[in-house]
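Participant: Predicted structure and sequence below. I'll ask about it afterward.
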Amino acid sequence: MAAALSRALKLPGKKHTGLGEYDPLTQADSDESEEEEEEEEDELVLNFPRNGFNGSTQACRSTGLQTQGGNRERAAVRKHGRLTGGPEARIDREPGSDPELKDRAGRAQLIRTTLFLATLCVSVLAVLMCAFLIPCRKGALWPKHWNRSVGEMGVVSLPPLELWDVDNDTVTDVVIATTQPANDSSASLVHSVSALSGIDGALLWTQSVLEEARFIQCGFERLGRGSGPACLLTGTSALLRAVRADTGSSLWQLPPQALEGRIAAPALRVPDLNADSVPELLVAVRPADQQSDLSLLLVSGADGAVIGSRVTFNLTGQGKPIGPQLHVTKGGAIYILFGFGSVEATSLKDIFLQANRKATPPRALLSQDPDWEQLRGENLSSLIHVASGHVEYLASLSGSTLSCNDLLITTRGSLSFIRGSNLQRKWSIRIPRIQSPPVFGFFNKDDIPDIMLQVSTADGLKKVLVIDGSSGRSLWQAEFRCHLQAVGGTALATSTGQSAFLFWADDLRPSGNATSPNPESLVLHRLYLLHSTYPTILLELMSSTDTILSTGARYVEQQKDAFYITVATRPAPDSSSSKTGAQVVSRLSLKRAVTHASPVALGPPSQPLGPFEVANFFNKLEFIKTQK
């Protein structure tokens with residue numbers, strides 16, 4: 001140990017204490033003593049028992065004695081060799097004791113240490129540069145809730161709402177139709193379409209339109225030959241315009257005289273028909289002077305030009321416009337579903353040939369489905385009848401155990417599941433007074449979408465039901481007070497595999513002695529969340545006295561969250577004012593809302609619940625992206 005300490009301190013050679021001068025022989029003896037101590041330590045380490053301190057004491061002593069004896073012999077040989085200069089002197093010249101080798105080893109260690117420290121410094125500087133110079137990703141610190149006033153309530157009772165990332169910042173934004181009073185003293189209104197940032201509700205762009213938009217559709221990737229996504233704005237008679245999603249600037253607009261009627265439904269995107277690599281649009285137009293005819297118009301997605309002539313069908317049904325909706329059969333044949341109060345079908349190939357009589361149909365339209373074609377009958381120009389009976393809503397279902405695009409037909413008093421392969425009915429149930437479109441989600445675990453419906457009851461209340469998609473039986477239902485018009489519900493996928501169903505209503509159904517509230521007083525509307533894990537418990541996420549008009553929700557991947565958008569009208573502060581009230585757009589973080597929600601018990605649970613079991617479940621509940 002003394003030798004090791006001496007080398008660490010780099011002490012010079014010893015001096016003789018008696019003579020006060022340097023003695024080479026004494027220094028040699030000292031060096032040999034130091035080397036003896038080093039070798040003793042080394043060999044003690046090498047001969048240390050492998051079982052540690054549990055070995056025999058006698059074995060340790062024996063090993064120590066043998067080591068000491070061997071060290072004395074080797075030391076004597078080295079001493080004799082140094083003093084006589086004999087050949088034994090070379091024994092002491094071991095590689096580890098060569099000063100030149102020691103210097104090389106020291107320099108190598110110094111180089112390694114320097115390289116390590118340099119690498120560490122560079123890594124720290126790189127991390128600091130990334131932290132301070134690279135901006136944070138938008139949406140990392142979102143406000144959990146915001147609301148923005150976007151003008152007055154327009155003529156359209158249900159303002160169109162589209163959720164789409166228009167500015168390409170990975171955050172879904174809000175595109176909505178707005179109405180503002182004119183700047184002059186006249187009572188006229190100015191219509192426009194505005195895009196609001198999903199982060200804080202700031203205005204991204206606004207586009208003035210000739211009439212109030214009834215439908216807003218975004219996500220057209222190559223509309224107008226633009227480099228990015230586009231949106232399609234549709235009015236009633238004078239508006240069919242494609243705009244850039246990021247700026248709102250116009251790409252093309254269909255001349256109003258080309259319509260010659262009223263647009264009955266949102267435009268339908270169909271495959272490319274003129275070989276310009278841009279999908280086309282199919283527009284349903286209803287003549288202004290007739291109630292039964294319906295015309296289908298093919299419009300180029302590249303420049304808005306009409307492709308061929310319009311194709312007119314004489315429909316006998318009366319009621320709500322249905323479609324047009326695209327349906328692809330198992331064999332790849334493309335059919336268009338449409339109608340008024342009933343659902344009829346014809347192939348896209350027939351529409352193309354009637355609009356362009358001398359043209360050759362593109363390859364995408366050559367497929368035909370024999371099961372569908374045999375329903376047409378002998379008259380090949382006739383339509384294929386799908387459903388009738390005052391049809392209100394037509395929707396396609398998909399799932400791992402379903403056939404190709406099965407159909408759900410909702411009439412005023414029934415719900416029917418129709419197989420998309422052959423149009424055969426799988427099940428049908430009677431449900432009177434359905435007042436909102438069906439919402440699809442997963443209440444149970446059979447991988448078949450279930451259906452949430454809202455219906456009005458005979459005593460003026462509202463009933464919310466969840467119907468099993470595989471059999472049509474009722475899975476869940478509850479009754480509420482409700483002073484809202486038909487507000488659509490929402491379903492979002494969660495980490496449990498089942499969906500979270502959201503809907504608006506008032507209080508739960510009152511008891512028999514409860515009195516009805518004053519119609520003139522403000523009514524508190526509540527947003528409820530239902531999850532099949534606890535069917536006897538609802539979460540009240542928020543409440544509002546505004547009149548809810550439209551809703552929507554989207555998954556937020558960055559925060560593993562989902563946000564909920566509502567469009568509502570807020571009464572004017574001055575009741576004597578001629579204003580119809582402000583139109584307000586609000587955003588709500590569902591994850592935060594669930595954490596702060598109030599549970600509402602519908603009845604006694606089927607099994608006892610712990611005091612914190614429900615709260616822990618919903619606090620850990622995560623919203624996930626819907627698997628398509």
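Facilitator: Happy to help now that I have it.

Participant: mind checking which helix or strand the residue positioned nearest the centre of the chain is in?
Facilitator: The residue lying closest to the centre of the chain (Cα atoms, centre = their mean) is Y555, at 3.5 Å. Per DSSP states H and E, Y555 falls inside strand 547-556.

Participant: Tell me which other helices or strands that strand touches.
Facilitator: Judged by 3 or more Cβ pairs under 8 Å, 6 or more residues apart in numbering; DSSP states H and E, strand 547-556 is in contact with strand 161-164, strand 490-493, strand 499-505, strand 561-570. Bear in mind the C-beta positions are built from the backbone N, C-alpha and C, glycine included.

Participant: Including mean neighbour count and mean pLDDT, could those strands go into CSV?
Facilitator: Putting the helices and strands packed on strand 547-556 into CSV (neighbours: other Cβ atoms under 10 Å; pLDDT from 0 to 100) gives the following:
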stretch, mean neighbour count, mean pLDDT
strand 161-164, 20, 94
strand 490-493, 22, 95
strand 499-505, 25, 95
strand 561-570, 22, 92
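
Participant: Show me the longest helix that occurs in this protein.
Facilitator: As assigned by DSSP state H, the longest helix anywhere in the chain is helix 99-133.

Participant: pLDDT on it, on average?
Facilitator: Helix 99-133 carries an average pLDDT of 83.

Participant: tell me the angle of whichever helix or strand comes after that helix relative to strand 561-570?
Facilitator: Next in sequence after helix 99-133, counting helices and strands by DSSP H and E, comes strand 145-152. Put simply, strand 145-152 runs at 40 degrees to strand 561-570, going by axes from the mean of the first three to the mean of the last three Cα atoms, to 10 degrees.

Participant: mean confidence for strand 145-152?
Facilitator: Rounded mean pLDDT across strand 145-152 is 90.

Participant: Any buried residues in it, and which?
Facilitator: Residues 146, 148, 150-152 are the ones in strand 145-152 that count as buried (16 or more other Cβ atoms under 10 Å).

Participant: Turn those residues into JSON lines, including distance to D103.
Facilitator: Listed next are the buried residues of strand 145-152 as JSON lines, based on distance: Cβ to Cβ, whole Å:
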{"residue": "W146", "distance to D103": "70"}
{"residue": "R148", "distance to D103": "75"}
{"residue": "V150", "distance to D103": "79"}
{"residue": "G151", "distance to D103": "84"}
{"residue": "E152", "distance to D103": "88"}
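
Participant: Kindly indicate which of those lies nearest F352.
Facilitator: V150 (40.2 Å; Cβ to Cβ).

Participant: Go ahead and confirm that closest one touches S192.
Facilitator: No: contact criterion Cβ atoms under 8 Å: V150 and S192 do not qualify, at 9.5 Å.

Participant: Touching both of these two, which residues are there?
Facilitator: Contact criterion Cβ atoms under 8 Å, 6 or more residues apart in numbering; residues shared by V150 and S192: T178.

Participant: I'd guessed the residue nearest to the centre of the chain sits against L590; true?
Facilitator: No: applying Cβ under 8 Å, one finds Y555 not in contact with L590, separated by 9.6 Å.

Participant: List the buried residues in the longest helix of the chain.
Facilitator: So, applying 16+ other Cβ under 10 Å, helix 99-133 has no buried residues.

Participant: same deal with stretch 344-364?
Facilitator: 344-356.
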